[in-house]
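In: quick one, structure for this:
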Amino acid sequence: MTALYIDADACPVKAEAERVATRHRVTMYLVSNGGLRMSQNPLVEVVIVPDGPDVADMWIADRCGPGDVVVTGDIPLAAKCVEAGARVLKHNGEALTAANIGNVLATRDLMTDLRAADPFRQGGGKGFTKADRSRFLEALERELRAAARG
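Out: Numbers count the residues shown, from 1 in each chain. Prediction:
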């Protein structure tokens, strides 16, 4: 049975994911170390993990597998989930797969090194746009359909 796992800390698409999961009748796990409202939706399970580095990530990585979909912006978590056979999406709808996760991890590590080398570097990533939200909805729909087909 397909499950949808959401790395819910700082996830901008929780409501959208819930709508799609409900339409597909898929259990959705919102995993966080706190600060989430409980959902009235019987298909949504809010999982509050203890404080600590990567505890939510470990909870998801330990449970996801083939046929599941994971939504996260955390690249190391994404790599673990891809390795476990899950389908992985970033919040902007970008699919992370066995074919591209190595390059994505390498780019992440390079950017971390560049930021560490220049402590005065300002700014962050791009803002989250309506187009990102729309791409995410399309991608989640596609991934849940593919997961249901096996």
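In: which residues in the chain form helices?
Out: Along the chain, counting by DSSP state H, helices occupy 14-24, 55-63, 75-83, 101-117, 130-149.
In: comparing these, which gets the lowest mean pLDDT score?
Out: Among the helices of the chain, helix 101-117 carries the lowest mean pLDDT, at a mean of 71.
In: next one: the residue in the chain sticking out farthest from the centre from Lys126, what distance?
Out: The outermost residue of the chain, judged by C-alpha distance from the chain's mean C-alpha position using Cα atoms, centre = their mean, is Phe120 at 29.7 Å. Counting by Cβ to Cβ, to the nearest Å, the gap between Phe120 and Lys126 amounts to 20 Å. (Each C-beta comes from the backbone N, C-alpha and C, glycine too.)
In: and of the helices of the chain, who's closest to Val31?
Out: Minimum separation from Val31 across the helices of the chain (Cβ to Cβ) falls at helix 55-63, 4.7 Å.
In: buried sites along the closest one?
Out: Buried residues in helix 55-63, counted by 16 or more other Cβ atoms under 10 Å: 56-57, 59-61, 63.
In: mind putting those residues in a markdown table, distance to Arg133 included?
Out: As requested, the buried residues of helix 55-63 are exported to a markdown table (distance: Cβ to Cβ, whole Å):
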| residue | distance to Arg133 |
| --- | --- |
| Ala56 | 22 |
| Asp57 | 23 |
| Trp59 | 26 |
| Ile60 | 22 |
| Ala61 | 26 |
| Arg63 | 26 |
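In: show me the contacts for Leu105.
Out: With contact set as Cβ atoms under 8 Å, 6 or more residues apart in numbering, Leu105 has these partners: 75-76, 79.
In: JSON lines for those, including distance to Thr27?
Out: JSON lines is the format used below for these (distance: Cβ to Cβ, whole Å):
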{"residue": "Ile75", "distance to Thr27": "25"}
{"residue": "Pro76", "distance to Thr27": "25"}
{"residue": "Ala79", "distance to Thr27": "24"}
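In: right, I'll leave it there.
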